[in-house]
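Peer 1: When you get a sec, could you give me coordinates for this:
(one chain, ligands or ions: 1)
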Amino acid sequence: MTVETFSSDFIARLRHSRGVDLETASQNDLYSALAWTVRKNLIDRWLETKKTQAAQKAKVVAYLSAEYLLGAQLNNMLLASGLEQTARDAMASLGLDFDKLASVEVEPGLGNGGLGRLAACFVDSLATLDIPAIGYGIRYQHGIFRQTFVDGRQAEQPDNWLELGSPWELPHPEASVTVRFGGSVAHATSATGEDVATWTPSWEVEAVPYNYLVPGYGTANVNSLRLWSARATQSFDLQIFNSGDYEAAVRAQTFAENISQVLYPEDSTPQGKELRLQQQYFFVAASLRDMIEQVGTSLDALRTLPERVVFQLNDTHPVIAIPELMRLLVDEYSVAWDEAWDITRSVFNYTCHTLLPEALEVWPVELLGRLLPRHMEIIFRINDDFIAELREQRPHDELLVRRMSIIQEQPLRAVRMAHLATIGSTKVNGVAALHSELLKDKVLVDFSNLWPGKFTNVTNGVTPRRFVKLANPGLSSLIDEAIGTGWVKDLSELRQLEPLAEDAEFRARFRDVKYANKVRFAKVLQERDGIEVSPDAIFDVMVKRLHEYKRQMLKLLHVVSLYDRVLKGDFDPTTLTKRVVLFGAKAAPGYLMAKEIIALINAVGKTINSDPRLDGRLRIAFPANYNVTLAEKLIPAADVSEQISLAGKEASGTGNMKFALNGALTIGTLDGANVEIRELVGEDNFFLFGLTEPEVEQLQSAGYQSAKYYESNPALRGAIDLIASGAFSNGDRSAFERVVSDLLWHDRFLVLADFESYIEAQSTLESAYADQDAWSRAAVLNVARSGFFSSDRSIRDYLDRIWHAPAVPLR
Ligand code: 475
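Peer 2: This next block holds a predicted model:
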């Protein structure tokens, strides 16, 4: 496509779809027309992909995820279509500023954090590897909230990403699927003596599919993401309408459409809200129906399901799919229970993303039974059969039965979704080597004893397209020049950079790239948030959801202890290496402690940033509303990556991988994928600190008392006392009382126990940074040795260990 055809397509699009011309177009008109013009160039490939995959009856990977944290679309679509330069030149030829237009896009933030971003990386890699795959999820009207700070405290604004429409989606209301809820179940016995259940639901909604293109990189393949939007059904409306109650009819519409209104902003701690269960069943029921219709609903066709599709359950959020498939097979298609169960178990697999007990989803039997009465019955029968089998294999162990049952009796009768997922799946995987071990040995130990072969690991990965090629063009060019361009599709090729770590000239160029990225980020921060940072400082970065186990408090105590020592005249601040500590973090709106910590970070920032004694050598920068768009600018600029969760709590982490791939050095604990990062990049190129997971266990079972650490470590005491003194709250000693007393009397995540070790590692880091050339060598080695963390590799592991779905390349 030439610049001229791009321009004329663009103008035509502006006129014919938006009804405006160049002179009258708004920024949104221009952005939409630009997006449409780019999209047009992918549609043929997309249609061809669908045709090829259908013709071959290829096995399809159906990824079921309640979240997709996609990030901006335009940049990725341009990369996939190879049109970036053309589009830029075309806009310039029309006198338009391409970057300004691109910045009109509001990223689809249909996820909370790691789990949702992982799903987005995975659909990218599936498409790139030519795997027939579809991502199923929910088209939330409002994605993750927009965070602002009011007097340093988090306030949440609704995300309105659809306000001006999205040019990337293709709605298909005619292909809607009806999803039913509530009502009751009647039972009868068939002529052959089988139980026949008839579910009479009491209400229903329509699921409208919206398709999104998921283009592979360096391939013609374009897969789909299908997100469902809720709409009131006509019959549902009509029923009420005919009764003459117009108002009730309109209310019913609102009620139905509520289902896909908003993403629940809880990351890792599900709240057990009825609407959330409605969301889960809504998208799962629509997706199963959609998939089964593609395979066929005859008995013969249904029996081929395991060869035609594999469903990956992204955490327990879509696990209601297991009883739903049973219901479809048994109640709607008259498959015998045992055969239906064999089919079901062979098409599902479950990925667990957590180790925190409070993150394991449970649904009260009362609630699930009211919303989905037939599913509740099916779950009970699955559980009865499972327990019978268990009693046969492990007689006289009723405690084991209670522990493993899908139904928990105390403190509330509820369905344990992780147990249902494990029982109903072929494979269960954790998301990093350590996490998978802990899953097997702790969280799901009874199940791994019963079925050792069921458990496996697939270490997470990130897409090198978005997080290196697009986000870090400077580094990408440098790599291209050194080893060619093959790395974007085969990230293990980065290994070829290793010898260049010894090349002084290469290191200098690498340093120049990093510096330019810091300058670029400083400019973004100035424009976006009015925050000033100097590119000459160490960029010390901690970005992730705010959670106590991730220990933003530990990072903050480091900063406060440095400040405290300066105040006490312990050392001369001019000997401090200039450092900007960058935070980015949203707290779940109901997570009060997390919000207190945000307020404290901002309060400390306000005080130290304006204290002349520090001479600008130590600053905190906490831009609000950290999201994928900001990450793409921030990560390439980082010098230091903070991965400091308590060992045994972070399942994997994926930010850690993005930083290493962009040449930041990690300071971290032996947690999640940090363990693998350190093994690969080498212990000399990683700043390790903190207790190991077994040490954490030991300390906690011996009776951990955080106050002892406070008493015995003067630097720690100084930092905590300074916070408690009101130094960051205009003398108000009570302002951060909750945080302080929690640290002193509870400290569930052993912040105080790891403080000393962390401070030591930070001083090692600071000395290392002083030798810029040696630092660059270590940074180059981090890049060269992190190719393993491509999500392409994760997907190959899923294919080999779990999915067994062959690639279907287009001719
Ligand atoms: C882990 N989200 C990371 C990442 O595997 C890991 C839970 C409930 C409701 C809504 N969202 C969630 C998570 O549990 C989550 O994001 N988990 C994260 O998954 C990908 O790298 O360690 O904490």
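Peer 1: mind listing the helices for the stretch 601-750 of the chain?
Peer 2: Ranges of helices within the stretch 601-750 of the chain are 628-634, 655-661, 674-681, 693-701, 706-712, 714-724, 737-745, based on DSSP state H, counting those that start in this stretch.
Peer 1: Go through these and pick out the most buried.
Peer 2: Of all the helices of the stretch 601-750 of the chain, helix 655-661 has the most neighbours on average by mean count of other CB atoms under 10 Å, namely a mean of 28. Where C-beta positions appear, they are placed from N, C-alpha and C, glycine not excepted.
Peer 1: Off-centre distance for it?
Peer 2: Here helix 655-661 is found 14 Å from its chain centre; the criterion is CA atoms, centre = their mean, to the nearest Å.
Peer 1: tell me the mean pLDDT for it?
Peer 2: Averaging pLDDT along helix 655-661 gives 99.
Peer 1: give the contact list for the residue nearest to Leu576 when sequence neighbours are not counted.
Peer 2: Ranked by CB to CB, 6 or more residues apart in numbering and with sequence neighbours excluded, the top spatial neighbour of Leu576 is Arg617, at 4.5 Å. For Arg617, the contacting residues are Ala537, Pro573, Thr574, Leu576, Thr577, Lys578, Arg579, by CB atoms under 8 Å, 6 or more residues apart in numbering.
Peer 1: circling back: dump the helices of the stretch 601-750 of the chain into CSV; add distance to Thr37 as well.
Peer 2: As requested, the helices of the stretch 601-750 of the chain are exported to CSV (distance: least, CB to CB, whole Å):
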stretch, distance to Thr37
helix 628-634, 22
helix 655-661, 30
helix 674-681, 40
helix 693-701, 52
helix 706-712, 59
helix 714-724, 54
helix 737-745, 51
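Peer 1: among those, which is nearest the ligand?
Peer 2: The minimum distance between the ligand and these falls on helix 655-661, with 8.1 Å, by CB to the nearest ligand atom.
Peer 1: wait, does the closest one contact the ligand?
Peer 2: No. Helix 655-661 lies apart from the ligand when judged by CB under 6 Å from any ligand atom; the minimum separation is 8.1 Å.
Peer 1: CA atoms only for that helix, dumped as PDB, please.
Peer 2: Output of helix 655-661 as PDB, limited to C-alpha atoms (Å, rounded to 0.1, in the frame of the first residue of the first chain):
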ATOM      1  CA  GLY A 655       6.400  -7.000  34.800                       C
ATOM      2  CA  ASN A 656       9.600  -8.500  36.100                       C
ATOM      3  CA  MET A 657      10.100 -10.100  32.700                       C
ATOM      4  CA  LYS A 658       9.400  -6.900  30.800                       C
ATOM      5  CA  PHE A 659      12.000  -5.000  32.800                       C
ATOM      6  CA  ALA A 660      14.700  -7.600  32.300                       C
ATOM      7  CA  LEU A 661      14.000  -7.600  28.600                       C
END
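Peer 1: what packs against it?
Peer 2: If you count contacts as 3 or more CB pairs under 8 Å, 6 or more residues apart in numbering; DSSP states H and E, helix 655-661 packs onto strand 640-643, strand 665-668, helix 674-681, helix 772-784.
Peer 1: most tightly surrounded among these?
Peer 2: strand 640-643 (a mean of 27).
Peer 1: how far is it from where the chain is centred?
Peer 2: 18 Å.
Peer 1: got the contact list for it?
Peer 2: Contacts for strand 640-643 (CB under 8 Å, 6+ apart): 538-542, 555, 650, 653, 655-656, 659-660, 664-669, 671-672, 674, 765.
Peer 1: And for stretch 175-189?
Peer 2: Here stretch 175-189 has contacts from 195-209, 228, 231, 233, 278, 281-282, 285-286, 289-290, 370-374, 377, using CB under 8 Å, 6+ apart.
Peer 1: could you flag which of those residues are buried?
Peer 2: 199, 201, 203-209, 228, 231, 233, 278, 281-282, 285-286, 289-290, 370-374, 377 (16 or more other CB atoms under 10 Å).
Peer 1: Out of those, which sit inside helices?
Peer 2: Gln278, Tyr281, Phe282, Ala285, Ala286, Arg289, Asp290, Arg370, Leu371, Pro373, Arg374, Glu377 (DSSP state H).
Peer 1: Including distance to the ligand and pLDDT, could those residues go into JSON lines?
Peer 2: Converted to JSON lines, those look like this (distance: CB to the nearest ligand atom, whole Å; pLDDT from 0 to 100):
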{"residue": "Gln278", "distance to the ligand": "15", "pLDDT": "97"}
{"residue": "Tyr281", "distance to the ligand": "16", "pLDDT": "98"}
{"residue": "Phe282", "distance to the ligand": "16", "pLDDT": "98"}
{"residue": "Ala285", "distance to the ligand": "19", "pLDDT": "99"}
{"residue": "Ala286", "distance to the ligand": "20", "pLDDT": "98"}
{"residue": "Arg289", "distance to the ligand": "24", "pLDDT": "98"}
{"residue": "Asp290", "distance to the ligand": "23", "pLDDT": "98"}
{"residue": "Arg370", "distance to the ligand": "22", "pLDDT": "98"}
{"residue": "Leu371", "distance to the ligand": "18", "pLDDT": "98"}
{"residue": "Pro373", "distance to the ligand": "25", "pLDDT": "98"}
{"residue": "Arg374", "distance to the ligand": "25", "pLDDT": "98"}
{"residue": "Glu377", "distance to the ligand": "27", "pLDDT": "98"}
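Peer 1: So which of those is the closest to Ile802?
Peer 2: When those are compared for distance to Ile802 (CB to CB), Asp290 wins out at 21.6 Å.
Peer 1: and the stretch 401-550 of the chain, which residues reach the ligand?
Peer 2: Within the stretch 401-550 of the chain, the residues that sit near the ligand (CB under 6 Å from any ligand atom) are Val431, Asn460.
Peer 1: Which phi and psi values does Val179 adopt?
Peer 2: Main-chain torsions, Val179, degrees, to the nearest 10: phi -120, psi 130.
Peer 1: Could you do the one 5 residues further on as well?
Peer 2: Recorded main-chain torsions at Ser184 are phi -140, psi 170, according to degrees, to the nearest 10.
Peer 1: Which residues does it form beta bridges with?
Peer 2: Under DSSP bridges, the beta-bridge partners of Ser184 are Thr200.
Peer 1: what's the answer for Leu64, then?
Peer 2: Tyr136, Leu313.
Peer 1: any idea how far Leu420 is from it?
Peer 2: 14 Å (CB to CB, to the nearest Å).
Peer 1: Next: Pro636.
Peer 2: Counting by CB to CB - Pro636 and Leu420 are separated by 42 Å.
Peer 1: So between these two, which is more surrounded?
Peer 2: Legend: neighbour count by other CB atoms under 10 Å for Pro636 and Leu420, higher for Pro636 (28 against 24).
Peer 1: was I right about the more buried one contacting Asn472?
Peer 2: Yes. Using CB atoms under 8 Å, Pro636 is in contact with Asn472, at 4.0 Å.
Peer 1: what sits in contact with each of those two?
Peer 2: Asn517, Asn662.
Peer 1: Outline the domain layout of the chain.
Peer 2: 1-55+75-105, 56-71+107-459+797-803, 537-772 (automatic domain parsing).
Peer 1: what residues does this protein put near the ligand?
Peer 2: Listed as neighbours of the ligand in the chain under the rule CB under 6 Å from any ligand atom: 112-115, 118, 266-268, 270, 315, 353-354, 359, 431, 460, 650-654, 672.
Peer 1: mind running it again at 5 Å?
Peer 2: When proximity is defined as CB under 5 Å from any ligand atom, the chain approaches the ligand at 112-115, 118, 267-268, 353-354, 431, 650-654.
Peer 1: which ones are touching Val524?
Peer 2: Taking CB under 8 Å, 6+ apart, we find Val524 in contact with Leu630, Lys633.
Peer 1: Which strands and helices lie in contact with the longest helix along the chain?
Peer 2: Identified as the longest helix of the chain according to DSSP H is helix 27-55. On a contact count with 3+ CB pairs under 8 Å, 6+ apart, helix 27-55 meets helix 3-18, helix 74-81, helix 84-93, helix 98-102, strand 203-215, strand 222-232.
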